[in-house]
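Chemist: Sequence and predicted structure are below.
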Amino acid sequence: MSSSHDPGADLLIPADTPVHRLAPQCKVAATALFVLAVACTPRPVFWPYAWYGLLLAAVVLLAQLPPLTLLRRLVVEVPFLLFVLALPFLGQAPYVDVAGVDLSVVGLTAAASIALKASFGLLATGVLAATTPLPEIITGLERLRVPRLFTAVAAFMVRYTEVLLSELARLRTARACRGGDTRWVWQARDVATSIGALFVRSFERGERVYLAMASRGYTGALPDVLTGSAAARRAWVTALTVPLLAALATVGAVAL
Amino acid sequence: MHIPDGFVSAPVAVAGAAVAAAGLAVCTRQAGRNLSERQLPLAGLAAAFFLVLEAPIIPVAVGTSGHLLGGTLAVALLGPWLGPLVITVVTVVQTLFTGAGGLSALGLNLINLALVPAVVGYPVLLGLRRLLPRSNTGTSLACGGAAVVAVITAAVLFTAEYAVGGAAGLPLRTVAVSTVGVYALVAVFEGVVTALVVRALLALRADLVRVAPEPVA
């Protein structure tokens, strides 16, 4: 089928460290809580971010991850964050004068805090993805009692995203060969037909996958070997220390 | 658009999470009731499809990337219960791994992207389908119209969410005008693409379209 059977492998940085060995459900919970703690930081306060950064740096050090690779991952947020550049220009008074341009103070702090929160969110999930293979992340979610409907859909999704991307590449090649050029609005029809074709191909593949699985004994549930085991209490304590320490700073920032 | 962390106040984010969780619980129950294990791989493939589609990698117009929201398309193809679940999985993965929208605002994003197409888009779709001729073209137009309404509803709802608990320091008027203005264009794009995709699918495999003119049992 596809050349890549290992979803999430491009994010994974394999090593044998305590962070890598930790049960996935603990890591998933710790990551989500850490991101939530960061997200709850009140806007005009900025010192907690240094503390979050320190915590994250400690985990990165423990997991022996190359910091530059992690930082490079922040590029993906750029298109989503372009709009924060507009905030200082559109925000309310008071204004500060920066190089002859009036910038809104509220807008500046809002832009900075939105960018910081998004970056810390990405760095935290980056550490998770670098230390945990994607199938294990889904196992972890399942252990955290996320409804099976969600985890099953997510599992199929991560396995087949790569396949669909190569399918899309083939469609684009075929379209380009026939003179298609999607830069022009009047060729929107080509794009729509391609999307339709991609959907049909996805579904037909889904049907074949189902038949293949059914013929191998699939009855709707994954075998127990793939659903993981309960984590020791010590693993939970270790993992949750990080978000707890982060939350201390968040609470401190709210209280002060 | 996915609302980032820190754009709305915490109480609004929490309220949004509660509403989204309740809505998704209903969807899970309803979808689970008539979901055979046969549909799980299909739903998963559909999720992968929307993830690929929503990645801003399909260049459409000069200088911009087509970024389909896809909510109404999902509802038209998978039905009002499974559609939102699939979009939810996609949105969660985008939030965690691409920085699209914040985790604290996830509830609001799910309301706007996954639930609005089901709650508003789907009834509009069914209503339009009744008004329009029972043909492939009529059904595609109904899907397109529903997509337009769903996107504009989401934009208005986003403005309302910001009015209740905005925290980005922008005047409400600016947010309202820019959001609804931009999303009027997005809605037209979404409507056209949704209609064209449904049209293409009806021609290729009508049995895959949940709202096909001649329902396939």
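Modeler: All right, it came through fine.

Chemist: For residue 126, identify the helix or strand it belongs to.
Modeler: All of this is about chain A. Using DSSP states H and E, A:G126 sits within helix A:105-131.

Chemist: My question was about chain B, not that one.
Modeler: Assigned by DSSP H and E, B:L126 falls in helix B:122-131.

Chemist: Then B:V90?
Modeler: helix B:71-98.

Chemist: what does B:L204 give?
Modeler: Assigned by DSSP H and E, B:L204 belongs to helix B:172-205.

Chemist: quick one: buried residues of that helix?
Modeler: Buried positions in helix B:172-205, judged by neighbour count with 16 or more other CB atoms under 10 Å in any protein chain shown: B:175-176, B:178-179, B:183, B:186-187, B:189-202, B:205. All C-beta atoms are positioned from the backbone trio N, CA, C, and that covers glycine.

Chemist: filter those by proximity to chain A?
Modeler: Among the buried residues of helix B:172-205, proximity to chain A is found for B:V192, B:V193, B:L196, B:V197, B:R199, B:A200, B:L201, B:R205 (CB under 8 Å from any CB of the partner chain).

Chemist: for chain B, what are the low-confidence residue spans?
Modeler: B:1, B:6, B:34, B:36-38, B:55-68, B:98-100, B:166-169, B:214-217 (pLDDT under 70).

Chemist: Taking it, what residue is nearest to chain A?
Modeler: Relative to chain A, the nearest point of chain B is B:G44 (2.1 Å; CB to the nearest CB).

Chemist: contacting residues for B:T88?
Modeler: Shown in contact with B:T88 (CB atoms under 8 Å, 6 or more residues apart in numbering or on different chains): A:F150, B:L24, B:L110, B:A114.

Chemist: What about A:S229, how many residues nearby?
Modeler: Using other CB atoms under 10 Å in any protein chain shown, A:S229 is surrounded by 11 other residues.

Chemist: re the thing from before, name the residues of the helix holding B:L126 that are buried.
Modeler: Neighbour counts over helix B:122-131 (16+ other CB under 10 Å) mark B:Y122, B:V124, B:L125, B:L128, B:R129 as buried.

Chemist: do stretch A:50-66 as well
Modeler: A:W51, A:Y52, A:L55, A:L56, A:V59, A:V60, A:A63, A:L65.

Chemist: can you list the buried residues of helix B:122-131 in CSV and add distance to A:R143?
Modeler: As requested, these are exported to CSV (distance: CB to CB, whole Å):
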residue, distance to A:R143
B:Y122, 34
B:V124, 40
B:L125, 38
B:L128, 44
B:R129, 43
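
Chemist: my guess is B:C143 meets B:L126, correct?
Modeler: No. B:C143 is beyond contact range of B:L126, at 10.6 Å (criterion: CB atoms under 8 Å).

Chemist: So for the two, which residues contact both of them?
Modeler: B:V211.

Chemist: is the strand or helix carrying B:A22 up against chain A anywhere?
Modeler: Assigned by DSSP H and E, B:A22 belongs to helix B:10-33. Yes. Using CB under 8 Å from any CB, helix B:10-33 comes into contact with chain A via B:A10, B:T28, B:A31, B:G32.
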